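J.: coords please:
(one chain, ligands or ions: 1)
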Amino acid sequence: MCGIVGYIGTRKASPILIDGLLKLEYRGYDSAGISTIENGYISNMKDKGRVKNLYEIPGIDDLTGTIGIAHTRWATHGKPAKENSHPHMDNSNLFSVVHNGIIENYQELKEFLIGNGYHFISQTDTEIIPNLIHYYYTKNAQNENRLLHAIHLACKDLKGSYAIEVLCMDEPNTMIVARKDSPLVIGVGENENYISSDIPAILSYTKSFYLLNDGDLAKLSKDSVSFYDMDLTPIKKEVKNIEWDVSACEKDGYEDFMLKEIYEQPKSVRETIGSRLKKNEKVNFDDIGFTKETLSNFNMIYMVACGTAMHAGLAVKPMLEKLCHIPVTVDIASEFRYREPLIDEHTLCIYISQSGETADTIAALKLSKAKGATTLAISNVIGSSITREADYTIYTHAGPEIAVASTKAYTSQITLLTLLTLYFAEVLESVSADTIDNIKSELLLLPEKISEALKNVEKVKNFAHKVYTEKDIFFLGRGTDYTVAMEASLKLKEISYIHSEAYASGELKHGPIALIENGITVVGILTDPNLVEKSVSNLQEVITRGAKTLVVTNQEINKENYDEVIEIPSTHPLISPIISIIPLQLFSYYISKEKGLDVDKPRNLAKSVTVE
Ligand code: AGP
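T.: Here you go, the predicted structure:
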């Protein structure tokens, strides 16, 4: 987690670095810092707290250096404190380093360095990096490419994940960066180059990017970038042009990114559908081009992901099984990767990740590849790590998602997985054309129906106002409604810090009903006509025990039984999560606002979980 930015060019680096950090704050926000080279010396300014605190550091406005590195931190090793903030310098103040990732063998390296006379002032794993670079730098004094070699040797010693930027006082016109299992992109300008953990942070400066692969190093000057692989062999890279609009990364008049992203869903779902689905045509996935023979070879599908992305997989599992007749297991990436799953060349493993950088999801993908499975990545970020590991990749095209709480990525993931399911079913000829056409027509109506669901905002806001002081909130549903309950509950926990649980309504009497007492808030989701009566009975059981109820439904029910009913447009039950989650995203949002919390940057969380 953590965000890193770098600049080398002809302009003052510090404002560009701070601007980039502000845009990366969603990746971590407990301390920040910048290093620039000022008249041959490295200046290092940092402090705990938010990026904006950097403006308070005396002298920061006087920096004139045109080369610099910067970091916003999500603490892993060592509490948020000035001494643990990045950049970190070596003992002789020759090198300055920022790092995103975790060095797993840092203790061992620290002991080695201490044995060689080095000392440490922070509790971080990162501080070993500048010192290790110094160690190799002084050992290889004769080497003509001394700096690059020293960094390469240091990287070879590191176990774990890293994206690093290095400044060296001896080479004030050079910056070196390296990455392994943590994201890093290089933005190309005219007589200037930028570094960032992600594209949106520097999109206002350039739309041309180099993407680094695991093990790559790059040496930058203001007008050149040279790339090397993990053996230090020079490699060539192509510049990628990114189509995202700068305004997509701004709040655009909304109070928070999360609210903006909730309201963007009619558009983002339309973009996800894109040209894959047109009236009276077969679903188009020519980019992956699976034949009937390939699909028939799969006797099992795994969908593996974390958090919200995993919930998207859960929402689609029933449809995939029903339409394609292939058993589907949805798994949490951090569990999957350590439990020796039974997969082989007859397994299709689908990895879902908005960022494409989630460490557990990437590790799970690597594991299934090694076992011979076919891997398919679903990501929102072009060129992200997961897309470079997978055999096949399809993009959600939801546009940049900045708020830590995922909203539009979820609805786009379900939409894309639905299209994929229909494509599989068409290729396999596993269900009638009518069944497929029914869902296709409903998919094309989704943008309009999401807009309709968004109109419930006042009712949702009022209910949020009534319950925002609660300590516990329960979400209930059956079938796909249960999967929405899980996602709604996660959203609420994340941004409101209210304890919440999601239960399959039928499970209630097997234990959780003991928690239901007078005045407790229960949210019911009722969209499946085949299950509505049973769900109504389950809600009755909690009402009898004094619960306050909010119901999200598109079914005919007796509204008087409930404290608030949010009516949403009806659709095919298998894709109803894409609509029923909308008012519940708003519900979490307004509870968080009522509590005066930072919606976009909830405590302890980061957008991209690039560590285990
Ligand atoms: C969603 O609101 C969360 N912030 C989180 O659960 C997220 O979905 C999860 O970390 C997976 O991220 P990814 O899609 O980028 O892999």
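J.: Could you report the neighbour count for the nearest residue to Ala309 once chain neighbours are set aside?
T.: Nearest residue to Ala309 in three dimensions, chain neighbours excluded: Ile352, at 4.2 Å (Cβ to Cβ, 6 or more residues apart in numbering). Yep, even glycine has a C-beta here, placed from its N, CA and C like the rest. By other Cβ atoms under 10 Å, 33 other residues sit near Ile352.
J.: In a strand, Ile352, correct?
T.: Yes: counting by DSSP: H, G, I helix; E, B strand; the rest coil, Ile352 is found in a strand.
J.: Against Ala504, how distant is it?
T.: To Ala504, Ile352 is 22 Å away according to Cβ to Cβ, to the nearest Å.
J.: Likewise for Leu376?
T.: Distance from Leu376 to Ala504, by Cβ to Cβ: 28 Å.
J.: Please apply the same query to Ile60.
T.: For Ile60 relative to Ala504 (Cβ to Cβ), the value is 54 Å.
J.: Also Val551?
T.: Relative to Ala504, and taking Cβ to Cβ, Val551 is found at 16 Å.
J.: Please, which helix or strand holds the closest residue in space to Lys371 that isn't next to it in sequence?
T.: Distance criterion Cβ to Cβ, 6+ apart; nearest residue to Lys371, sequence neighbours excluded, is Ile343 at 5.1 Å. Under the criterion of DSSP states H and E, Ile343 resides outside all helices and strands.
J.: for Ile343, what are its contacts?
T.: 300, 302, 349, 368, 371-373 (Cβ atoms under 8 Å, 6 or more residues apart in numbering).
J.: before we move on, what about Leu420?
T.: Leu420 touches 285, 350, 394, counting by Cβ under 8 Å, 6+ apart.
J.: cool, Ile273 as well?
T.: Taking Cβ under 8 Å, 6+ apart, one finds 415, 419, 443-444, 446 in contact with Ile273.
J.: Can you tell me which residues in the stretch 251-400 of the chain are near the ligand?
T.: 306-309, 353-355, 358, 361 (Cβ under 6 Å from any ligand atom).
J.: With neighbour count, pLDDT and secondary structure added, can I get the residues you listed in CSV?
T.: Formatted as CSV, these follow (neighbours: other Cβ atoms under 10 Å; pLDDT from 0 to 100; DSSP: H, G, I helix; E, B strand; the rest coil):
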residue, neighbour count, pLDDT, secondary structure
Cys306, 20, 97, coil
Gly307, 21, 97, helix
Thr308, 21, 98, helix
Ala309, 25, 98, helix
Ser353, 32, 97, strand
Gln354, 29, 96, coil
Ser355, 23, 92, coil
Thr358, 29, 93, coil
Thr361, 31, 97, helix
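J.: can those go into TSV with extra columns for distance to Asp198?
T.: Output for those, formatted as TSV (distance: Cβ to Cβ, whole Å):
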residue	distance to Asp198
Cys306	18
Gly307	18
Thr308	18
Ala309	17
Ser353	13
Gln354	12
Ser355	8
Thr358	13
Thr361	16
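J.: Give me the nearest residue to the residue in the chain that the ligand sits nearest to, chain neighbours excluded.
T.: Residue nearest to the ligand within the chain: Gly307 (1.8 Å; Cβ to the nearest ligand atom). Using Cβ to Cβ, 6+ apart and skipping residues adjacent in sequence, the residue nearest Gly307 is Leu490, 6.5 Å away.
J.: does the one you found belong to a helix or a strand, and which?
T.: Assigned by DSSP H and E, Leu490 falls in helix 480-496.
J.: Does the ligand have contacts with the helix or strand just after that helix?
T.: As assigned by DSSP H and E, the chain's next helix or strand after helix 480-496 is strand 499-504. No: Strand 499-504 does not reach the ligand (Cβ under 6 Å from any ligand atom); its nearest approach is 13.4 Å.
J.: Let's see which of the contacts of Ile343 end up in strands.
T.: Among those, DSSP state E puts 300, 302, 349 in strands.
J.: mind listing what the closest residue to the second one other than its chain neighbours touches?
T.: Meaning Tyr302. Excluding its sequence neighbours, the residue lying closest to Tyr302 (Cβ to Cβ, 6+ apart) is Cys349, at 4.6 Å. Applying Cβ under 8 Å, 6+ apart, we find Cys349 in contact with 301-304, 343, 364-365, 368, 373-376.
J.: would a markdown table of the residues you listed with pLDDT be doable?
T.: Listed next are the contacts of Cys349 as a markdown table, based on pLDDT from 0 to 100:
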| residue | pLDDT |
| --- | --- |
| Ile301 | 98 |
| Tyr302 | 98 |
| Met303 | 98 |
| Val304 | 98 |
| Ile343 | 94 |
| Ala364 | 97 |
| Leu365 | 97 |
| Ser368 | 96 |
| Ala373 | 97 |
| Thr374 | 98 |
| Thr375 | 98 |
| Leu376 | 98 |
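J.: In a markdown table: these, plus distance to Lys251.
T.: As requested, these are arranged in a markdown table below (distance: Cβ to Cβ, whole Å):
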| residue | distance to Lys251 |
| --- | --- |
| Ile301 | 38 |
| Tyr302 | 37 |
| Met303 | 32 |
| Val304 | 33 |
| Ile343 | 43 |
| Ala364 | 34 |
| Leu365 | 33 |
| Ser368 | 38 |
| Ala373 | 41 |
| Thr374 | 40 |
| Thr375 | 36 |
| Leu376 | 33 |
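J.: got a list of what Cys249 touches?
T.: So Cys249 contacts 23, 200-201, 203-204, 400, 402 (Cβ under 8 Å, 6+ apart).
J.: how about a cut-off of 6 Å?
T.: 200, 203, 400 (Cβ atoms under 6 Å, 6 or more residues apart in numbering).
J.: circling back to that earlier point, report the angle between the helix holding Leu490 and strand 499-504.
T.: Relative orientation of helix 480-496 and strand 499-504, computed by axes from the mean of the first three to the mean of the last three Cα atoms, to 10 degrees: 170 degrees.
J.: hey, C-alpha coordinates of helix 480-496 in CSV?
T.: Output of helix 480-496 as CSV, limited to C-alpha atoms (Å, rounded to 0.1, in the frame of the first residue of the first chain):
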residue,chain,number,x,y,z
THR,A,480,-28.2,-13.3,-4.9
ASP,A,481,-29.8,-11.0,-2.3
TYR,A,482,-27.5,-12.6,0.3
THR,A,483,-24.5,-11.8,-1.8
VAL,A,484,-25.7,-8.2,-1.9
ALA,A,485,-26.2,-8.3,1.9
MET,A,486,-22.5,-9.2,2.2
GLU,A,487,-21.3,-6.4,0.0
ALA,A,488,-23.6,-3.9,1.7
SER,A,489,-22.3,-5.0,5.1
LEU,A,490,-18.7,-4.6,4.1
LYS,A,491,-19.4,-1.1,2.7
LEU,A,492,-21.0,-0.1,6.0
LYS,A,493,-18.2,-1.4,8.1
GLU,A,494,-15.5,0.2,5.9
ILE,A,495,-16.7,3.7,5.9
SER,A,496,-19.0,4.1,9.0
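J.: Figure out how far that helix is from the centre of its chain.
T.: 17 Å (Cα atoms, centre = their mean, to the nearest Å).
J.: same question, stretch 183-203
T.: With Cα atoms, centre = their mean as the basis, stretch 183-203 stands 19 Å off its chain's centre.
J.: Repeat that for stretch 322-331.
T.: For stretch 322-331, the distance to the chain centre is 25 Å (Cα atoms, centre = their mean).
J.: What mean pLDDT does it get?
T.: Mean pLDDT, stretch 322-331: 97.
J.: tell me which residues in it are buried?
T.: Using 16 or more other Cβ atoms under 10 Å as the test for burial, stretch 322-331 gives 323-324, 326, 328-331.
J.: ok so, going back, higher neighbour count, Val551 and Ala504?
T.: Val551 (23 against 18).
J.: Do me a favour and get the end-to-end distance for stretch 602-610?
T.: For stretch 602-610, the first and last residues are 17 Å from each other (Cα to Cα, to the nearest Å).
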